[in-house]
Each structure stands twice: as structure tokens, then as C-alpha cells.
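A.B. asks: Need coordinates for the below:
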Amino acid sequence: MAKEKISYEASIKEIEEILEQIETGTLGVDELAGKVSRVTELLKACRQKLHQTEAQINKILEEPSTEDQSPDDE
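C.D. replies: Numbers count the residues shown, from 1 in each chain. This next block holds a predicted model:
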């Protein structure tokens, strides 16, 4: 199965929609397992995206700024 590309925001929206369906009882028993599985996939993708973003931010913060370097450093 190919990995689906979905934005963080779209994932959160879909999770919220599924949770609302579960809370309001609009999901049938036959659909419930599939929806829970989908939420699990979306949560995994969200965690992965957050970890990637955190790593990117940390990398940016660790890079020395050209403004921080004095002319003697060159």
C-alpha cells in the first residue's frame, strides 16, 4: 500500500470528523473498526510530521547565523 500524502491540518480535521461521528453515534458497528484504524494511521502521520518539523527547527537553530560571525571568523 502506497503511503498517502496528507497535510497535518487535513489529518487533524479528518480525525475530528471521525471522532464526532463516533461521539454522536452516526457510525455503524461495521464502520467503527475501519474508522478507528484510519484515526490510528492519521495520528501516526501527525506524530511523524511533528517530529520532522521539530528536527528541522532544531537544525535551523543550531546553524550559526552569518550575523553572529565577526569579520575575524572568516
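
A.B. asks: Need the mean per-residue confidence for the helix or strand hosting residue 36.
C.D. replies: Under the assignment given by DSSP states H and E, the secondary-structure element containing residue 36 is helix 29-62. Mean pLDDT, computed over helix 29-62, is 95.

A.B. asks: residues touching the residue nearest in space to the middle of the chain, list them.
C.D. replies: To find the centre residue of the chain, average its C-alpha atoms and take the closest one (Cα atoms, centre = their mean): that gives residue 46, at 2.1 Å. Residue 46 makes contact with 8, 11-12, 15 under the criterion Cβ atoms under 8 Å, 6 or more residues apart in numbering. In short, each C-beta sits where N, CA and C put it, glycine included.

A.B. asks: Which among the residues you listed count as buried?
C.D. replies: The neighbour-count criterion (16 or more other Cβ atoms under 10 Å) marks 11, 15 among the contacts of residue 46 as buried.

A.B. asks: and which of the contacts of residue 46 is nearest residue 53?
C.D. replies: The shortest gap between residue 53 and any of those belongs to residue 8, at 8.3 Å (Cβ to Cβ).

A.B. asks: contacting residues around that closest one?
C.D. replies: Taking Cβ under 8 Å, 6+ apart as the contact definition, residue 8 lies against 45-46, 49-50.

A.B. asks: Is there a quick PyMOL command that grabs whichever of the residues you listed are buried?
C.D. replies: Only the buried entries of the contacts of residue 8 go into this PyMOL selection, using 16+ other Cβ under 10 Å:
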select buried, resi 45+46
